[in-house]
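**Student:** no letters, just coordinates:
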């Protein structure tokens, strides 16, 4: 049984996210570029306007919980590799349950962040629309005229970006 390194896992996550993104791009008609250093300043402005310390704290707690669960799953995988039959199957089911739980928690966080931003959108409308326009190559006016479902997905996709998670880890 081969062990997957953290780097390989990260690359796999990015590949899966890219695949989902490409499907969504075809359906919704927008693409979102990778975040750059200049985007950090816009993100910090939005964070300061919203005072999202609680949201960042929740993110870090979720990240720590996911790390612990991942380590548990890795331990179970090692044990499962040495077992046979029903015992191995039971351990495999436990690993799948842990992975589903991690996915669910991540989705809950992204949804919570997107909902938080959307409920405070009047406070950050100009900054958020400017950032989304810059990330998608559209104008601020085009972003403002986007239908609500697509706009909500844009906000959600922004918070799901892997590089945004890294920025939060570094800044908070």
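**Tutor:** Yep, it's here. Being a predicted model, the structure only gives us computed values, none of them experimental.
**Student:** name the spans of this structure whose pLDDT lies under the cut-off.
**Tutor:** 1-4, 17-28, 51-57, 60, 121, 171-172 (pLDDT under 70).
**Student:** what about the longest helix in it?
**Tutor:** helix 85-119 (DSSP state H).
**Student:** in that helix, which residues are buried?
**Tutor:** Judged by neighbour count using 16 or more other C-beta atoms under 10 Å, the buried positions of helix 85-119 are 91, 94-95, 98, 102, 105-106, 109-110, 113-114, 116-117. (Glycine included, C-beta is placed from N, CA and C.)
**Student:** elements contacting it?
**Tutor:** Judged by 3 or more C-beta pairs under 8 Å, 6 or more residues apart in numbering; DSSP states H and E, the packing partners of helix 85-119 are helix 37-50, helix 53-82, helix 148-160.
**Student:** ok, then the element right after it?
**Tutor:** helix 121-136 (DSSP states H and E).
**Student:** that next one to helix 37-50, inter-axis angle?
**Tutor:** Relative orientation of helix 121-136 versus helix 37-50 (axes from the mean of the first three to the mean of the last three C-alpha atoms, to 10 degrees): 170 degrees.
**Student:** need the residues that contact helix 121-136.
**Tutor:** Helix 121-136 has contacts (C-beta atoms under 8 Å, 6 or more residues apart in numbering) with 30-33, 35, 39, 42-43, 45-46, 49-50, 117, 138-140, 142-144, 154-155, 158.
**Student:** any idea how far the closest residue to residue 144 other than its chain neighbours lies from residue 138?
**Tutor:** Excluding its sequence neighbours, the residue lying closest to residue 144 (C-beta to C-beta, 6 or more residues apart in numbering) is residue 129, at 5.7 Å. According to C-beta to C-beta, to the nearest Å, residue 129 stands 10 Å off from residue 138.
**Student:** that older thread, orientation of the longest helix of the chain relative to helix 121-136 in degrees?
**Tutor:** Computed by the same axes, to 10 degrees, the angle between helix 85-119 and helix 121-136 is 110 degrees.
**Student:** please renumber the chain so that the first residue is 27 from this point on.
**Tutor:** Right, with 27 as the first residue, what we last looked at is helix 111-145.
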